[in-house]
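Colleague: Provided below for reference: sequence and predicted model.
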Amino acid sequence: MSFSIQYLDNDILLKNKVEEFVSNWNNSSFFIETKTSGSTGKPKIIRLSKTQMITSAKMTGEYFGLSKNKTSLLCLSIDTIAGKMMIVRAIVHQMKLLVGSPQSNPLIGMDEKIDFIALVPLQVNKIINESLSTFKSIESVLIGGASIPQNIIETLKKEKLTCFQSFGMTETVSHIAIRKVGFENEAHYTTLHSVKIESDEHNELIINAPHLGINNLKTNDLIEVINKNQFIWKGRKDFVINSGGIKLFPEEIERKLSSSILNPFFITSFNDSKLGEKVVLIIESKDGSDILNEKTFINLDKYERPKEVFYLKEFIKTESGKINRIKTKALLSL
């Protein structure tokens, strides 16, 4: 079997975008343009070399055993690096690529065997509730784009399933580290082949991957280093809350809350005359009923407990499906 594409629906716009990308891939240009996610600021256009993308695809292929007798499913936006790299991996490893429109459950009605799939947590949650048997038949599931709620991890454990959470960004040509989640759950990420990490005096992640053209790339990610190939992700520097002199990581608080709040939500802060910044919880809900109870915050330390809770009917999302925290928070001041 060699690289081939099979479209699963009649989404002409999606088909045109995929065909355009394949055409650009095969032309004489050395670069592909793509946009950053925009989750912490305005999206920007960056140029990635095709050599970098091929190297990244080979790294992923080595980790997951991708080969010409395998089939992958593209069900993410083609406008993101995650979507583009699904195509590149299929081309590099001569795989069969199934292409479906991005939707909350891309496995509905699926009768094709899938060996490799990349999903966002929202899709995983829908799939394990509606298409669990099909999900179990997939050889390798890569989850990225956002933190994985604890209730999803617990379901994976219960069903004795292990998936893989990715860590990376557009600038690193998709993921550079992976951790197991579910039945073989890991707290730490392990880098892919030849990728080395370290942190500066502020515990900010620095990435070295010379084979990807990445040297001393300083990020806004705060980490706990285990060794040059393993780390625990703490959160984004952009979102750290200093409340009464105590530094709090919203993403850590969110992980503690994810098993008790099923609606989309996030932790942020507002200015406070006494604390400097106070922790607030923002939940996506039409009316706010029956979401919180006396046990919701039981796993939080006293400093982590939200001082206020706000409800919004709809969050603003990025093209890759992440919550745009900055723009969503701004809705509360409108």
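Modeller: In hand now; what should we look at? Numbering: from 1, shown residues only.

Colleague: Which stretches in the stretch 1-150 of the chain count as strands?
Modeller: Assigned by DSSP state E, counting those that start in this stretch, the stretch 1-150 of the chain shows strands spanning 4-7, 31-35, 45-49, 71-74, 96-99, 116-119, 140-143.

Colleague: Any chance of those in CSV with distance to Pro106 as columns?
Modeller: C-beta: built from backbone N, CA, C; applies to glycine. Below are these laid out as CSV (distance: least, Cβ to Cβ, whole Å):
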stretch, distance to Pro106
strand 4-7, 13
strand 31-35, 21
strand 45-49, 25
strand 71-74, 7
strand 96-99, 9
strand 116-119, 8
strand 140-143, 12
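
Colleague: Taking the centroid of this structure, which residue is nearest it?
Modeller: Nearest to the mean C-alpha position of the chain, by Cα atoms, centre = their mean, lies Gly145 at 1.7 Å.

Colleague: What confidence value was assigned to that residue?
Modeller: At Gly145, the model reports a pLDDT of 86.

Colleague: Any figure for the gap between Ala188 and Ala82?
Modeller: Slight slip there: residue 188 is His, not Ala. According to Cβ to Cβ, to the nearest Å, His188 stands 22 Å off from Ala82.

Colleague: These two: which has the busier surroundings?
Modeller: Ala82 (26 against 17; other Cβ atoms under 10 Å).

Colleague: Enumerate every residue touching the more buried one.
Modeller: For Ala82, the contact set (Cβ atoms under 8 Å, 6 or more residues apart in numbering) comprises Leu76, Ala118, Gly144, Gly145, Ser174, Ser320.

Colleague: Disregarding flanking residues, what is the spatial nearest neighbour of the third one?
Modeller: In space, and not counting its chain neighbours, Gly144 is closest to Ser166: 3.8 Å by Cβ to Cβ, 6 or more residues apart in numbering.

Colleague: which stretch of helix or strand covers the one you found?
Modeller: Remark: Ser166 resides in strand 162-169, with elements defined by DSSP states H and E.

Colleague: From the contact counts, what lies against that strand?
Modeller: Helices and strands touching strand 162-169, by 3 or more Cβ pairs under 8 Å, 6 or more residues apart in numbering; DSSP states H and E, are strand 140-143, strand 174-182.

Colleague: mind checking the longest strand of this structure?
Modeller: strand 214-227 (DSSP state E).

Colleague: Averaged pLDDT, that strand. What do you get?
Modeller: Across strand 214-227, pLDDT averages out at 96.

Colleague: What residues sit buried inside that strand?
Modeller: Going by neighbour count (16 or more other Cβ atoms under 10 Å), the buried part of strand 214-227 is Ile214, Leu217, Thr219, Asp221, Leu222, Ile223, Val225.

Colleague: One more: stretch 79-88?
Modeller: Buried residues in stretch 79-88, counted by 16+ other Cβ under 10 Å: Asp79, Thr80, Ile81, Ala82, Gly83, Lys84, Met85, Met86, Ile87, Val88.

Colleague: Narrow the residues you listed to those in helices?
Modeller: The helices, defined by DSSP state H, take in Ile81, Ala82, Gly83, Lys84, Met85, Met86, Ile87, Val88 from the buried residues of stretch 79-88.

Colleague: could those be laid out in TSV, adding pLDDT and distance to Gln6?
Modeller: What follows is those, written out as TSV (pLDDT from 0 to 100; distance: Cβ to Cβ, whole Å):
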residue	pLDDT	distance to Gln6
Ile81	93	23
Ala82	93	20
Gly83	95	16
Lys84	96	18
Met85	97	19
Met86	98	14
Ile87	98	13
Val88	98	17
